[in-house]
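Student: sequence first, then the predicted structure, then my questions.
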Amino acid sequence: MSTPLLTVTELVKSHLPNTRYWSRWNIRTAGRPALDRVSFSIMPGEILGLVGESGSGKTTVGRLVTKLTPSDAGSIWFDGHDITHMPERAFRPLRRHVQMIFQDLDGALNPNMTVRAILREMLKQNFKHTNGETIQTQLNDLLDNVNFPQSKLDVTPLQLSGGEKRRVSIARALACKPQLVIADELTTALDLPIQAQIANLLLDLRDKLGVSFLFISHDLPLVEFISDRIAVMYAGRVVETGSAVVLAQQPRHPYTRLLWNAHAGAVVKEELAATLFADIAQSGCAFAPRCPIFKAKGEPSRCTDPQTEPTLKLIEVRHQVACHFPL
Amino acid sequence: MIGKPHLEIEDLHAYFYSQQHGAFVRSVAGVNLCIRRGETLALIGESGSGKSVTALSALGLLRGSPGVVRGHIRLHTDKGPIELLAGLDRYVDYELDARGSLRISKEISAWERQSRKNFRDIHGKEIASVFQNPRAAFNPYLMVGAQIMENIRLHTPTKLHHEAYDQALFWLESVGLEPAAERFENFPYGLSGGMCQRAMLAMTLAAEPKLVIADEPTTGLDATLRTAMLELLMQMQRNLGFSLLIISHDLQVVRELSQRVAVFYNGVVIEYAPSQTIHNEYDAPRHPYTQALLDAQPVRLSPKPRKLIALRGEIPSPIGEPKGCRFAPRCNRARGTMAKRCENESPPFFSPEPKHAIACWLFANSPEAHAEEIA
């Protein structure tokens, strides 16, 4: 077994405002952090799907791993280096190995630059001692890899369709030959044929170049299809990880079951009604107020006591669940 | 109630001028649709196939040059039918000759003045819309409740301030935003994504529209919120009995919400189908394009297939008139003996089974579709 490419342990991040400043106006500054002791790992050439509802911290994970945002506690190991507190200058040679594809396309691509300029800038930055010809061949390889037509190299992103912009942003992430790509909501708002093309593209790239992906998405069937393993997040923590097939078909955490059932349209009305005013418990298991098992078991104190907050436990081979009463 | 037509769109044509190509770009080219009272009709198809432009035309919100150039949109209200595009054709000079060359000139300002006049009593009251991005639909500087109240006082007989306030609370409650008095005072940024979407639905429905147009109402919502939103839409429709036109990329949403589906491709409708046929497990005759849409969905099979089946080729150029079937260049059935016919003759609608019309030469043995099936 090879060593993991990326290992994240007990990562904590809070977006809470400055207490001393805000408490003057009685604005609540306590509460759960955006990420609470998140741990997972990605193997070389593996696609890890990250799912969970809006606001559960999926994008924050991506931003911390690429060091776009500093973390509060915990550690991130990438390719044998501890990058948690690595200064920017020392991290720079590694940065090209961890790339992110952003969710907001119009914000991610400079509208004043042509596609050629966007990709060349990336290639020049990361392969400094190469001449123009080499860059040109690399550019062509890149376009081949993502099936982007040569004829559209000299247009600006505004003139491209959603699917084409996606391809450009994937090409840009791949320009510096990364080992890990964080794909944040790659297929949101794309139509089905384009979505299928992009999904196939990722699988191709993984097979050809051996790139690992952290695939963040709301689209459960697609995540299930594309990923090797899935991690489910709720309220800033990972509540279940396991192989994609097992997790989708035999979920052990009640929240995972709710997610997949909701998608299949086979969900109990009361569970759904609770969704809108999702009370996230301030102590103990965050899911407890919405949990059917919690109610069925007569609200056991283990679930609400901050001392016995459930943590990820191995219950099967490569299947971890953070629940006192797994299904 | 179902059966009587509510909104009829006949032979709608819309073009835009492209500076880059120096030519008119076809967006919608001869679309016929009919939404019956209390019915839900879904529009599906790729991006850029003309779904949203069709919906915006029916809302009278389509701006741009030249925009709508020809067609009829007839709305059946309680007081009788209204032509929404009445008196507009005299501002447009539109000609498409047999060789496919196109001439369009339009007096935009006069056209828009007349259009606004036609839609004045329709907007919000008869036809209302639910947009994709709820936060953009609200004014960020006003309380959510105040905006609902404004809609009520503008469009319904309730004019008094305190009565409208009570009404607004009622609507907030009915979409599940409780306690309503507190939610009334929320600003849009103070609501979560799912709550904001519900508040917008409350605002839309507060004017008691007869027809609601929902453009991608669930895109970007997570699985639980999406299901909750669908439940709510269905429940509201059962209670209030409005007709619904929904646009979505998500075939599951389409199946759950709608009774009929119109499949768009390249500016025209290529199939009108009952929505239960839009399912892989359902063995029904289908247009090859509809089949390709279905195949592009991720499937749960074991062992897992290595790849999704993606549709090859690019969307055909929207400039100029295509000869033959618009889908032929990408179609896997337009090969061999079929090829010549598919590439040269545009297929009419055939009806291989009742209430199902497909524009494809594969079904040439079936009878031609009736007029009511093609709408």
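Tutor: Nice, thanks for sending it over.
Student: in space, not sequence, find me the middle residue of chain A.
Tutor: Nearest residue to the geometric centre of chain A (Cα atoms, centre = their mean): A:I216, 3.8 Å.
Student: in contact with B:A284, which residues?
Tutor: Taking Cβ atoms under 8 Å, 6 or more residues apart in numbering or on different chains, we find B:A284 in contact with B:273, B:277, B:353, B:356. Glycine gets a C-beta too; all of them are placed from N, C-alpha and C.
Student: do the same with B:F131
Tutor: Contacts of B:F131 (Cβ under 8 Å, 6+ apart): B:137, B:200, B:215.
Student: among these, who's most crowded?
Tutor: Ranked by neighbour count (other Cβ atoms under 10 Å in any protein chain shown), the contacts of B:F131 have B:M200 at the top, with 26 neighbours.
Student: I'd like the distance between it and B:P217.
Tutor: The gap separating B:M200 from B:P217 is 9 Å, by Cβ to Cβ, to the nearest Å.
Student: the residue nearest to the centre of chain A reaches A:K58, doesn't it?
Tutor: Yes. Assessed by Cβ atoms under 8 Å, A:I216 is found in contact with A:K58 at 4.7 Å.
Student: okay, and the common contacts of these two?
Tutor: Common contacts of A:I216 and A:K58 (Cβ under 8 Å, 6+ apart): A:50-51, A:184.
Student: the helices in chain A, which residues?
Tutor: Per DSSP state H, chain A carries helices over the ranges A:19-22, A:58-65, A:88-95, A:105-108, A:115-126, A:132-146, A:162-174, A:192-209, A:220-226, A:244-249, A:254-264, A:269-276, A:292-296, A:301-304.
Student: any low-confidence regions in the stretch 251-375 of chain B?
Tutor: Applying pLDDT under 70 to the stretch 251-375 of chain B picks out residues B:301-303.
Student: helices of chain B, residue ranges please.
Tutor: B:51-59, B:108-119, B:134-137, B:144-155, B:161-174, B:180-184, B:193-206, B:223-240, B:251-257, B:288-295, B:337-344.
Student: packing partners for the first one?
Tutor: Just to be clear, that refers to helix B:51-59. Other elements packing on helix B:51-59 under the criterion 3 or more Cβ pairs under 8 Å, 6 or more residues apart in numbering or on different chains; DSSP states H and E are strand B:5-18, strand B:23-36, strand B:40-44, strand B:66-77, strand B:127-130, strand B:211-215, strand B:243-247.
Student: who wins for proximity to chain A among those strands?
Tutor: strand B:40-44 (8.7 Å; Cβ to the nearest Cβ).
Student: contacts for the closest one?
Tutor: With Cβ under 8 Å, 6+ apart as the test, strand B:40-44 has contacts from B:33, B:35, B:51, B:54-55, B:237, B:243-249, B:251, B:254, B:257-264, B:275, B:278, B:293.
Student: try it again with 7 Å
Tutor: Outside strand B:40-44, the residues that touch it by Cβ atoms under 7 Å, 6 or more residues apart in numbering or on different chains are B:33, B:35, B:51, B:54, B:244-248, B:251, B:254, B:257-264, B:275, B:293.
Student: what lines up beside that strand in the sheet?
Tutor: Applying DSSP bridges to the sheet, strand B:40-44 is found paired with strand B:243-247 (parallel), strand B:260-265 (parallel).
Student: possible to save these as CSV with mean neighbour count?
Tutor: Listed next are those as CSV, based on neighbours: other Cβ atoms under 10 Å in any protein chain shown:
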stretch, mean neighbour count
strand B:243-247, 24
strand B:260-265, 24
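Student: adding distance to B:D11, write those out as JSON lines.
Tutor: Formatted as JSON lines, these follow (distance: least, Cβ to Cβ, whole Å):
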{"stretch": "strand B:243-247", "distance to B:D11": "18"}
{"stretch": "strand B:260-265", "distance to B:D11": "15"}
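Student: can you list the residues of chain B near chain A?
Tutor: Applying Cβ under 7 Å from any Cβ of the partner chain, we find that chain B lies next to chain A at B:20, B:46-48, B:176, B:193-195, B:219-220, B:222-225, B:227-228, B:231, B:249, B:256, B:292-293, B:296-298, B:300, B:307-311.
Student: for ChimeraX, what selects the buried ones among the shared contacts of A:I216 and A:K58?
Tutor: Buried residues among the shared contacts of A:I216 and A:K58 (16 or more other Cβ atoms under 10 Å in any protein chain shown), as a ChimeraX selection:
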select /A:50,51,184
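Student: filter the shared contacts of A:I216 and A:K58 down to just the ones in strands.
Tutor: When the shared contacts of A:I216 and A:K58 are checked against strands (DSSP state E), the matches are A:50-51, A:184.
Student: of those residues, which is the nearest to chain B?
Tutor: Among these, and counting by Cβ to the nearest Cβ, the member closest to chain B is A:V51, at 8.2 Å.
Student: these two touch, right, that closest one and A:R229?
Tutor: No. Between A:V51 and A:R229 there is no contact under Cβ atoms under 7 Å: 11.5 Å.
Student: what about B:S105, distance to B:Y91?
Tutor: Using Cβ to Cβ, B:S105 is found at 9 Å from B:Y91.
Student: which one of these two is surrounded by more residues?
Tutor: Comparing B:S105 with B:Y91 by other Cβ under 10 Å, the one with more neighbours is B:Y91, at 19 against 11.
Student: list the contacts for that one?
Tutor: By Cβ under 7 Å, 6+ apart, the contact list for B:Y91 reads B:106-107, B:110-111, B:114.
Student: farthest-apart pair in those residues, please.
Tutor: Spanning the widest gap among the contacts of B:Y91 are B:K106 and B:Q114, at 11.6 Å by Cβ to Cβ.
Student: in terms of neighbours, single out the busier of these two.
Tutor: B:K106 (20 against 17).
Student: on that earlier part again, common neighbours of B:M200 and B:P217, please.
Tutor: The overlap between the contact sets of B:M200 and B:P217 (Cβ under 7 Å, 6+ apart) consists of B:V130.
Student: tell me, how many residues neighbour the closest residue to A:D219 other than its chain neighbours?
Tutor: Distances taken as Cβ to Cβ, 6 or more residues apart in numbering or on different chains place A:T187 nearest to A:D219, at 6.1 Å, with adjacent residues excluded. By other Cβ under 10 Å, the residues close to A:T187 number 25.
Student: any chance of the backbone angles for A:T187?
Tutor: In terms of degrees, to the nearest 10, the main-chain angles of A:T187 are phi -110, psi 10.
Student: which residues touch the closest residue to B:A14 other than its chain neighbours?
Tutor: Nearest residue to B:A14, sequence neighbours excluded (Cβ to Cβ, 6+ apart): B:V28, at 4.2 Å. Neighbouring residues of B:V28 by Cβ under 7 Å, 6+ apart: B:12-14, B:50, B:53-54, B:267.
Student: pLDDT score for B:V28?
Tutor: Turning to B:V28, the model gives it a pLDDT of 89.
Student: got any ranges where chain A has weak pLDDT?
Tutor: Counting by pLDDT under 70, chain A contains low-confidence ranges at A:1, A:16-32, A:266-279.
Student: what does it put close to chain B?
Tutor: Applying Cβ under 7 Å from any Cβ, one finds that chain A approaches chain B through A:53-54, A:159, A:161-162, A:188-189, A:191-193, A:195-197, A:199-200, A:203, A:218, A:220-222, A:224-225, A:258-259, A:262-263, A:265, A:267, A:272, A:275-276.
Student: weed out the non-buried ones from those.
Tutor: Listed as buried from those are A:53, A:161-162, A:188, A:191-193, A:195-197, A:199-200, A:203, A:218, A:220-222, A:224-225, A:258-259, A:262-263, A:267, A:272, A:275-276; burial here means 16+ other Cβ under 10 Å.
Student: now A:S243, nearest residue through space, not along the chain?
Tutor: Spatial nearest neighbour of A:S243, excluding adjacent residues (Cβ to Cβ, 6+ apart): A:R229 at 5.5 Å.
Student: quick check: B:E8 vs B:R36, distance?
Tutor: The spacing between B:E8 and B:R36, counted by Cβ to Cβ, is 10 Å.
Student: my error: substitute B:V69 in the last question.
Tutor: Using Cβ to Cβ, B:V69 is found at 27 Å from B:R36.
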